[in-house]
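# Got a predicted model here, sequence first, then my questions.
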Amino acid sequence: AGVTVTGAIIQPASGFSGSEVLSMNNDTVNVTGGQVLRNFCIDGHVAGGTLHGIYAEGNTYAVTIEDVMVYAMGGTGVLNAAAGYTPGPDDWYVSGLKVSHCGTGISTVAPDCWWIGCEASECTGSNWVISSSGNSRFIGCKGENSSGGYGFYISGTGNGPVHFTTCTSQFNSLSGFNVTAVGAGKMVM
């Protein structure tokens, strides 16, 4: 129901057995990066389950995501995780990302990132889950209409400030912004 999605669409079939649609994985101590994801949609409504849309693990650096939509994933729409590797993901530039109707919208542990004009909405859990993301900037981002969570759930900032500029949140089942810890860094709003 709702908006018809056109253009380049990645849609896993109902029998898809993976845990994520797109994976960036660096499970070594060496840093890899430079991945660019641009101008497409991931539609998970057929696959169902707890499938993630975009999943990055380990030392994935300098990832660029522009004008991407992730829709109807039972797991997390966009998830970057350190997965026990130090330093973990870092230095992402994300703009025009739209994540909608997922379990969790966007979950990030990556520091030194720019999130510009991104939206996570209509998720069954929290729209944004942010932890250990020191020295990151969230500019003009939205987290709204969560049916079972927060607009922005901030569980830690790591070693550096996290900046929120003109970010909005409304119509969530719990609240707009929930901050449980700021670690060694601080939040700047």
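Sure thing, it's come through.

# buried stuff in stretch 94-104?
In terms of neighbour count (16 or more other C-beta atoms under 10 Å), stretch 94-104 has its buried residues at Val94, Ser95, Leu97, Lys98, Val99, Ser100, His101, Cys102, Gly103, Thr104. C-beta here means a position set from N, CA and C on the backbone, and glycine is covered the same way.

# Dead centre of the protein: give me the residue that sits there.
Ile106 (2.4 Å; C-alpha atoms, centre = their mean).

# was I right about it contacting Gly125?
No. The criterion here is C-beta atoms under 8 Å, and Ile106 misses it with Gly125 at 11.0 Å.

# same for the helix or strand encompassing the residue nearest to the centre of the chain, what does it pack against?
Ile106 belongs to strand 104-108 when assigned by DSSP states H and E. Counting by 3 or more C-beta pairs under 8 Å, 6 or more residues apart in numbering; DSSP states H and E, the packing neighbours recorded for strand 104-108 are strand 76-81, strand 119-121, strand 128-130.

# OK, contacts around Glu119?
Contacts of Glu119 were listed using C-beta atoms under 8 Å, 6 or more residues apart in numbering, and they are Leu97, Lys98, Val99, Ser100, Cys141, Lys142, Gly143, Glu144.

# List just the nearest of the residues you listed to Asn178.
Proximity of the contacts of Glu119 to Asn178 (C-beta to C-beta) peaks at Gly143, which lies at 10.5 Å.

# For the closest one, give me its contacts.
By C-beta under 8 Å, 6+ apart, Gly143 lies in contact with 105, 119-121, 126-128, 150-152, 167-169, 172, 176.

# By mean pLDDT, flag the weakest helix or strand of the chain.
Of all the helices and strands that make up the chain, the one with the lowest confidence by mean pLDDT, DSSP states H and E is strand 187-188; it has a mean of 66.

# Turn the contacts of Glu119 into CSV, including secondary structure, pLDDT and distance to Gly53.
Converted to CSV, the contacts of Glu119 look like this (DSSP: H, G, I helix; E, B strand; the rest coil; pLDDT from 0 to 100; distance: C-beta to C-beta, whole Å):
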residue, secondary structure, pLDDT, distance to Gly53
Leu97, coil, 98, 10
Lys98, strand, 97, 11
Val99, strand, 98, 7
Ser100, strand, 97, 10
Cys141, coil, 98, 17
Lys142, strand, 98, 18
Gly143, strand, 98, 16
Glu144, strand, 97, 19
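
# Turn these into TSV, including distance to Met73.
As requested, the contacts of Glu119 are exported to TSV (distance: C-beta to C-beta, whole Å):
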residue	distance to Met73
Leu97	13
Lys98	13
Val99	8
Ser100	9
Cys141	19
Lys142	18
Gly143	16
Glu144	18
